[in-house]
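K.L.:
My questions concern the predicted model and sequence given below.
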Amino acid sequence: MPYDYDLLVIGSGPAGEKGAAQAAYFGKRVALIERAPAPGGAAVHTGTLPSKTLRESALFLSGHRQAELYGIQVSLDRARAVPRLMSSKEHVIHAEVDRIHWNLDRHHVDYLHGDARLADPHTVEITAGASPPRRITAEFILLSTGSTPFHPPDIPFEDPDIDDSDSILRMDRLPESLGVIGAGVIGCEYASMFAALGCKVTLIEPRNELLSFLDADMSEALRVAMVESGIDVRLQTGAGQVQRVGDYIVVQLTYPSPDHIGRGPAFKMPEGKTGAARGEIAVEKLLFAAGRSGNTAGLGLEATGVKLGKRGYVEVDKDYRTSVPSIYAAGDVIGFPALASTSMEQARVAVCHAFCFTYKAQVSELLPYGIYTIPEVSCVGLSEEDAIARGLDVVAGKALYKHNARGRIIGDAGGMVKLVFERGTRKLIGAHCIGDRATELVHTGQAIIMLGGTVETLIEMVFNYPTLSECYKYAAYDALGRLAEPKHKTEDPDGS
């Protein structure tokens with residue numbers, strides 16, 4: 001039986017767009033279905049691009065960089081700040097929507113608008129407005145419907161001053177104070193952004209460190225930078241009851257028992273408190289940023305046989321195929337790592353596997369992470385702690401921006417590049433950056449790791465001067481010196 005299309009893609013975020021384009025590039029008949037008014041998904045409309053655009057706009061409007069570098073005091077017009085922030089965000093969104101339409105058109109992908117629901121493993125029913133449902137068939141289906149912010153039942157999101165990571169982008173005013181529950185990537189990014197705009201920010205996190213997947217030195221450097229920017233970072237602190245009291249949102253705080261497991265500092269109970277102590281904060285606005293859920297409700301997946309995991313995420317194998325052979329899934333809808341960059345690659349691999357293309361067989365295991373806090377943090381490969389946990393004998397080298405000419409020029413004294421090398425092979429296995437341009441710098445480390453480069457590779461390289469990239473050479477020199485030291489060096493000559 002002939003199908004209407006070779007591939008049907010549901011969702012037009014990074015995974016959907018790139019998966020559709022990949023199949024069409026190799027001559028397949030492709031249709032992409034999107035229920036939102038415009039393509040792009042969360043990456044374009046509520047997540048990646050809007051938040052990063054707001055970050056850059058916040059840095060510019062607040063004069064954050066100029067104040068640090070030249071001591072210039074910039075007065076922020078709070079009444080006009082939000083309209084200008086939103087204007088900048090909308091401009092970027094519109095440009096990216098136009099680019100997606102252009103990309104789909106040039107690959108001859110049919111763009112269909114409406115709500116999609118699977119009728120069987122090869123059939124999708126599309127409902128658009130008052131029009132009768134339409135059924136189309138395909139040999140393969142790619143699910144790329146993304147995710148949405150998790151809403152626990154005890155948080156009153158109906159209050160206009162309690163936001164998730166989507167609704168915060170629709171704010172109509174700049175609050176004097178902001179509470180952020182959850183110090184994951186989203187929570188840390190928004191906390192940094194609003195602090196740069198002059199808001200009094202309280203960041204609440206039950207764990208005893210920020211972003212535990214980071215190298216411990218990077219996590220601590222970020223915590224220090226956030227505290228120095230005025231953020232009240234409350235680690236090892238839980239959020240209890242949330243309620244409105246007059247003009248404020250009041251969050252009850254809970255403190256755990258002193259027994260902790262983790263890399264962070266030992267827990268210290270607030271003075272005068274014992275046991276599960278309680279306190280509270282009162283803020284004008286509250287951002288809940290503790291988790292997301294897969295966008296799978298209403299798709300008819302369970303009836304089709306597609307298995308779902310926790311919070312509605314689709315379960316897939318290494319080729320991104322679901323429990324139904326003709327249905328694949330990629331991007332945020334399958335959960336971790338939920339990065340736009342990896343979502344694109346997952347979809348390309350899924351499509352290539354479905355149609356037996358030999359072009360792309362797997363997503364690289366070496367994934368860079370970019371966190372757009374202030375300062376930026378980025379990493380690729382193994383952290384020093386993860387390498388040791390795997391039983392590897394490693395040596396780390398560091399180079400600080402304050403010792404780098406370009407770092408001094410731009411006034412970034414807190415930046416750092418840290419490199420992790422395996423002692424025996426001398427190969428680079430991890431690169432970690434914090435500071436201005438960290439998310440760009442990390443790709444040098446990524447290339448060196450993928451090509452099997454060693455500490456000598458970086459020392460032999462010639463870097464432009466003055467550049468932040470020079471930090472790679474001096475971090476390598478730092479590691480080289482440590483490689484030359486005795487493996488079990490002691491402070492006392494007699495070994496005591």
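P.N.:
That came through fine.
K.L.:
Grab the CA positions of the host helix or strand of Leu286 and hand them over as CSV.
P.N.:
For Leu286, the host element (DSSP states H and E) is strand 285-288. Only the C-alpha atoms of strand 285-288 are listed here, as CSV (Å, rounded to 0.1, in the frame of the first residue of the first chain):
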residue,chain,number,x,y,z
LYS,A,285,7.5,37.7,41.6
LEU,A,286,8.3,34.0,41.8
LEU,A,287,9.8,31.8,39.0
PHE,A,288,9.4,28.0,39.4
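K.L.:
Mind listing the strands it pairs with, and their directions?
P.N.:
Applying DSSP bridges, strand 285-288 is found paired with strand 162-163 (parallel), strand 177-181 (parallel).
K.L.:
Output the ones you listed as JSON lines; include the columns mean neighbour count.
P.N.:
In short, each C-beta sits where N, CA and C put it, glycine included. What follows is those, written out as JSON lines (neighbours: other C-beta atoms under 10 Å):
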{"stretch": "strand 162-163", "mean neighbour count": "22"}
{"stretch": "strand 177-181", "mean neighbour count": "26"}
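K.L.:
in the chain, which helix or strand is least confident?
P.N.:
helix 64-70 (a mean of 59; mean pLDDT, DSSP states H and E).
K.L.:
Give me the next element, helix or strand, following it.
P.N.:
Toward the C-terminal end, the helix or strand that comes next after helix 64-70 (DSSP H and E) is helix 78-106.
K.L.:
Mind listing what's buried along that next one?
P.N.:
Neighbour counts over helix 78-106 (16 or more other C-beta atoms under 10 Å) mark 81, 85-86, 88-89, 92-93, 96-97, 100-101, 103-104 as buried.
K.L.:
Check stretch 144-155 too.
P.N.:
Those buried within stretch 144-155 under the rule 16+ other C-beta under 10 Å are Ser144, Thr145, Gly146, Ser147, Thr148, Pro149, Phe150, Ile155.
K.L.:
what are the ranges of the strands in the stretch 351-496 of the chain?
P.N.:
369-371, 377-381, 394-400, 416-422, 428-434 (DSSP state E, counting those that start in this stretch).
K.L.:
Next, the angle from the second one to strand 428-434.
P.N.:
What separates the directions of strand 377-381 and strand 428-434 is an angle of 170 degrees, with axes from the mean of the first three to the mean of the last three C-alpha atoms, to 10 degrees.
K.L.:
Strand 377-381: partners in the sheet, and parallel or antiparallel?
P.N.:
Here strand 377-381 has these sheet partners by DSSP bridges: strand 369-371 (antiparallel), strand 428-434 (antiparallel).
K.L.:
Distance from it to the middle of the chain?
P.N.:
11 Å (C-alpha atoms, centre = their mean, to the nearest Å).
K.L.:
I would like the residues contacting it, please.
P.N.:
Applying C-beta atoms under 8 Å, 6 or more residues apart in numbering, the external contacts of strand 377-381 come out as 211, 214-215, 218, 222, 366-371, 420, 428-434, 438-439, 441-443, 445-446, 449.
K.L.:
now the end-to-end length of stretch 28-39.
P.N.:
Using C-alpha to C-alpha, to the nearest Å, one end of stretch 28-39 lies 21 Å from the other.
K.L.:
let me redo that: stretch 328-342
P.N.:
For stretch 328-342, the separation between the terminal residues is 15 Å (C-alpha to C-alpha).
K.L.:
likewise stretch 19-35?
P.N.:
By C-alpha to C-alpha, one end of stretch 19-35 lies 17 Å from the other end.
K.L.:
Which parts of the stretch 351-496 of the chain are helices?
P.N.:
Remark: helices assigned in the stretch 351-496 of the chain by DSSP state H, counting those that start in this stretch are 384-389, 405-410, 438-450, 455-460, 470-484.
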